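Peer 1: Need coordinates for the following:
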Amino acid sequence: MKPTLLIVDDEKTTREGLRAALEERYDVYLAEDAKAAMDLLEREHFDVLLTDFRLPSEDGLKLVARAKSLSRPPVCILMTAYGSEELAVEAMKRGADDYIAKGRLQIEELEMRIARALRQRTLEAENVQLRQQLDSRFGLEHIIGESPQMKEVFEIVQQVAPTRATVLLTGESGTGKELIARAIHHLSPRARQPLVIVHCAALAPTLLESELFGHEKGAFTGAHERRIGRFEQAQGGTLFLDEIGEIDATIQIKLLRFLGERTFERVGSNKTLTADVRLIAATNKNLEELVKQGKFREDLFFRLRVVEIHLPPLRERREDIPLLALSFLKEFARENGKRVTDFTAEALHQLMNYSWPGNVRELRAAIEHAVVLCRGDKVTVRDLPPSVRGETAASEAARLLARGDLTVKEAEKQLMIRALKETKGNRTQAAKLIGMSRRTFHRKMHAYHLEGF
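Peer 2: Residues are numbered from 1 along each chain as shown. Next up, the predicted model:
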């Protein structure tokens, strides 16, 4: 369909001449004054309003202002025989998208300006839609929680997001630290700039240094060309360093310098570079304890912890479990084309009473498992993963021991293996899960040759 164009001019010859010139590319309507134009604008949606400045009873500037107040305003271009800069400025203040002098009016130029204004409006609409999608996906709307702990987190996020402050996110694995980092970025003035994410534990120290700061050609064996690091990639935006507690002393020194001076060098270069980058770091380790052990610089710790946001484990905000579970259920039912709408009371009770050592990440995986296996319209206890429905390491080992299938030592070993699997290798959590001290757990891991976990 052709874009719709409303031409407003009190001179009939001008109106008709413009229609004849533009009707091949536009669906053209005519009005002789502001009242007739507004009647049309309120009844129909127009893509473009092309109006003369001098109109009977009301000038074109007022018409533009009224047109721009509509729920779906048109692109507005003002024509006048009095092409002064002052009038152009006033027209733009009132909302006009462009301005053209009638005395120098050329149809080709007018068509170009209309097309340009329409393209700009389309681009702005797409940007608004994209921003809404981003806010929906990465803003606080996407992070579920009604517990007092999460409300406090949301309040701090809203306060810190508009600032330049460095943020340290702490909490166990699976509590949603990356989601919070994304929310801070997308609620900040840097939202239109890059958000660059680096998982520090995934790379060896030498590779991580090059990944963060870049390197010059020939800086080390295999450096066949210059590499732009993540700090440069995040220029104007945000750099999120996950698992910050894993970085070595060399990178700690470089990060400390950047936080103090906003400068750095690529590996193999003496040239100092500057980056406007906001830093957000996250860790599931106790950095204060690492500082005491001499494994993490105290000055860097304080630089990173300008604002600390602690993400509580799921077991400390159990009132959020039903909200999260239902949200995940809807998501996975939609993805898998299943008509699963709710949980039975027994299944919900089981979800509420499980310890969730893997936190929200484990809950999400458990609900996906349940939805895939669900045979009706409600998730039952039998649809839940074995660990969640009560078949824990302790109960399984006790059952096998009672049957005489295992010796006491074998049962204890199986108990530890199951606990390590349930906690995804977290030895401290595994020890807590089976009521064993951390030191005893480590000693028995050595005795049972379980160091590979």
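
Peer 1: got the buried residues for stretch 424-435?
Peer 2: 426-427, 429-434 (16 or more other CB atoms under 10 Å). The way it works is simple: take the backbone N, C-alpha and C, and place the C-beta from them, glycine included.

Peer 1: can you check stretch 265-281 too?
Peer 2: 265-269, 273, 275, 277-281.

Peer 1: got it, and stretch 226-235?
Peer 2: Buried residues in stretch 226-235 (16+ other CB under 10 Å): 227, 229-235.

Peer 1: With pLDDT and distance to V153 added, can I get the buried residues of stretch 265-281 in JSON lines?
Peer 2: Formatted as JSON lines, the buried residues of stretch 265-281 follow (pLDDT from 0 to 100; distance: CB to CB, whole Å):
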{"residue": "E265", "pLDDT": "91", "distance to V153": "36"}
{"residue": "R266", "pLDDT": "90", "distance to V153": "36"}
{"residue": "V267", "pLDDT": "89", "distance to V153": "37"}
{"residue": "G268", "pLDDT": "89", "distance to V153": "41"}
{"residue": "S269", "pLDDT": "88", "distance to V153": "40"}
{"residue": "L273", "pLDDT": "90", "distance to V153": "34"}
{"residue": "A275", "pLDDT": "90", "distance to V153": "28"}
{"residue": "V277", "pLDDT": "95", "distance to V153": "24"}
{"residue": "R278", "pLDDT": "96", "distance to V153": "19"}
{"residue": "L279", "pLDDT": "97", "distance to V153": "19"}
{"residue": "I280", "pLDDT": "97", "distance to V153": "14"}
{"residue": "A281", "pLDDT": "97", "distance to V153": "16"}
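
Peer 1: okay, those in a markdown table with secondary structure next?
Peer 2: Shown next, in a markdown table, are the buried residues of stretch 265-281 (DSSP: H, G, I helix; E, B strand; the rest coil):
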| residue | secondary structure |
| --- | --- |
| E265 | coil |
| R266 | coil |
| V267 | strand |
| G268 | coil |
| S269 | coil |
| L273 | strand |
| A275 | coil |
| V277 | coil |
| R278 | strand |
| L279 | strand |
| I280 | strand |
| A281 | strand |
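
Peer 1: Now the two most distant members of those.
Peer 2: Using CB to CB, these span at most 27.7 Å, a distance reached by G268 and I280.

Peer 1: who are the neighbours in contact with I77?
Peer 2: 48-51, 96-100, 110, 113-114, 117 (CB atoms under 8 Å, 6 or more residues apart in numbering).

Peer 1: helices or strands next to the strand or helix carrying L239 in the packing?
Peer 2: Per DSSP states H and E: L239 is located in strand 238-242. Here strand 238-242 touches helix 177-186, strand 195-199, strand 278-283, going by 3 or more CB pairs under 8 Å, 6 or more residues apart in numbering; DSSP states H and E.

Peer 1: Tell me which stretches of the stretch 201-350 of the chain form helices.
Peer 2: 205-213, 230-233, 249-261, 287-292, 298-304, 321-336, 345-353 (DSSP state H, counting those that start in this stretch).

Peer 1: Out of the ones you listed, which gets nearest to G17?
Peer 2: Short answer: helix 230-233, nearest of the helices of the stretch 201-350 of the chain by CB to CB, at 53.8 Å.

Peer 1: so what does the closest one touch, helix or strand wise?
Peer 2: Counting by 3+ CB pairs under 8 Å, 6+ apart, helix 230-233 packs on strand 195-199, helix 205-213.

Peer 1: Turn these into CSV, columns for distance to A20.
Peer 2: Below are those laid out as CSV (distance: least, CB to CB, whole Å):
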stretch, distance to A20
strand 195-199, 52
helix 205-213, 63
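
Peer 1: which stretch in the ones you listed has the least confidence?
Peer 2: Sorting these by mean pLDDT places helix 205-213 lowest, at a mean of 88.

Peer 1: That one: how far from the chain's middle?
Peer 2: Distance of helix 205-213 from its chain centroid, counting by CA atoms, centre = their mean, to the nearest Å, is 25 Å.

Peer 1: For the helix or strand containing G17, list the C-alpha coordinates in CSV.
Peer 2: Here G17 sits within helix 12-22, counting by DSSP H and E. Below are the C-alpha coordinates for helix 12-22, written out as CSV (Å, rounded to 0.1, in the frame of the first residue of the first chain):
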residue,chain,number,x,y,z
LYS,A,12,-6.2,25.4,-4.7
THR,A,13,-3.7,25.6,-7.5
THR,A,14,-0.9,24.6,-5.0
ARG,A,15,-2.9,21.8,-3.5
GLU,A,16,-3.8,20.3,-6.9
GLY,A,17,-0.3,20.8,-8.3
LEU,A,18,1.3,18.9,-5.4
ARG,A,19,-1.3,16.2,-5.7
ALA,A,20,-0.6,15.7,-9.4
ALA,A,21,3.1,15.6,-8.7
LEU,A,22,2.9,13.2,-5.7
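
Peer 1: what's in contact with it?
Peer 2: Applying CB under 8 Å, 6+ apart, the contact partners of helix 12-22 are 5, 7, 9, 28, 30, 32, 50, 52, 102, 107, 110-111.

Peer 1: now those residues in a markdown table, with neighbour count?
Peer 2: Listed next are the contacts of helix 12-22 as a markdown table, based on neighbours: other CB atoms under 10 Å:
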| residue | neighbour count |
| --- | --- |
| L5 | 24 |
| I7 | 24 |
| D9 | 25 |
| V28 | 21 |
| L30 | 17 |
| E32 | 16 |
| L50 | 27 |
| D52 | 22 |
| K102 | 16 |
| I107 | 12 |
| L110 | 18 |
| E111 | 15 |
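
Peer 1: Which members of the residues you listed are the farthest-apart pair?
Peer 2: E32 and E111 (22.9 Å).

Peer 1: isn't I197 right up against E243?
Peer 2: No: taking contacts as CB atoms under 8 Å, I197 lies outside contact range of E243: 11.2 Å.
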